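**Q** model the structure of this input:
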Amino acid sequence: MTKTIDSDPGFKKTINNLKGPNEVFAGLLGDVNEFLLIIGGANEFGVENADGTIRIPSRPFIRSTYDIHKDQIAKMLEKQIIPVVMGKTTVKKVLDKVGVFFVGKVKERMGDSPSPFQKNADSTLKKKFPKDQPLIESVGRLRSAVAHTFTKQE
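**A** I've put the predicted structure just below:
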């Protein structure tokens, strides 16, 4: 009589490494102070007055950072496919690395000097003195609020 041996050469570990979050979000997330979400959104997308004039110019600190670094992010992810399948890392660890990288790049772009974004109005500069960076106020709350998180999309 032949005896069958059920062998698992790492298949279960590979499957477990693929479980968990499969998306990473970075930016100003829902748990951030509502005031900072408003300020961040107003700067990212801009705000017009009722007459169509610009009140706050668009300073796309998140979108422009993604556009600049999307190829680098794609390469980071591509390099991690084999290590995930081989069980040397997990999807969550890979997404965390991407999130940390992207958040760092967003914060770096926000503080670039000279700023790549339109300058603040004179009235804003008076309130922010001595800071003149468009996306950085005196204590840097907006920049400090940029973070990342994970979700699982079915």
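
**Q** out of the helices and strands in this protein, which is least certain?
**A** Sorting the helices and strands of the chain by mean pLDDT, DSSP states H and E puts helix 11-18 at the bottom, at a mean of 67.

**Q** would you tell me what the next helix or strand after that helix is?
**A** strand 23-27 (DSSP states H and E).

**Q** quick one: list the elements packing against that next one.
**A** Applying 3 or more CB pairs under 8 Å, 6 or more residues apart in numbering; DSSP states H and E, one finds that strand 23-27 contacts helix 91-111, strand 147-151. Where you see a C-beta, it was placed from the backbone N, CA and C, and this is true even at glycine.

**Q** among these, show me which one is buried the most.
**A** helix 91-111 (a mean of 18; mean count of other CB atoms under 10 Å).

**Q** for the helices and strands packed on strand 23-27, give me a markdown table that also has distance to residue 32 and mean pLDDT.
**A** Below are the helices and strands packed on strand 23-27 laid out as a markdown table (distance: least, CB to CB, whole Å; pLDDT from 0 to 100):
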| stretch | distance to residue 32 | mean pLDDT |
| --- | --- | --- |
| helix 91-111 | 13 | 94 |
| strand 147-151 | 8 | 90 |
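
**Q** and the ones you listed as JSON lines, adding distance to residue 122?
**A** Listed next are the helices and strands packed on strand 23-27 as JSON lines, based on distance: least, CB to CB, whole Å:
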{"stretch": "helix 91-111", "distance to residue 122": "21"}
{"stretch": "strand 147-151", "distance to residue 122": "32"}
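
**Q** of these, which is nearest residue 25?
**A** With CB to CB as the measure, strand 147-151 is the member of these nearest residue 25 (5.5 Å).

**Q** quick one, the closest one and helix 91-111 angle?
**A** For strand 147-151 against helix 91-111, the angle between stretch directions is 150 degrees (axes from the mean of the first three to the mean of the last three CA atoms, to 10 degrees).

**Q** strand 147-151 vs strand 23-27, what angle?
**A** Using the same axes, to 10 degrees: strand 147-151 against strand 23-27 is 160 degrees.
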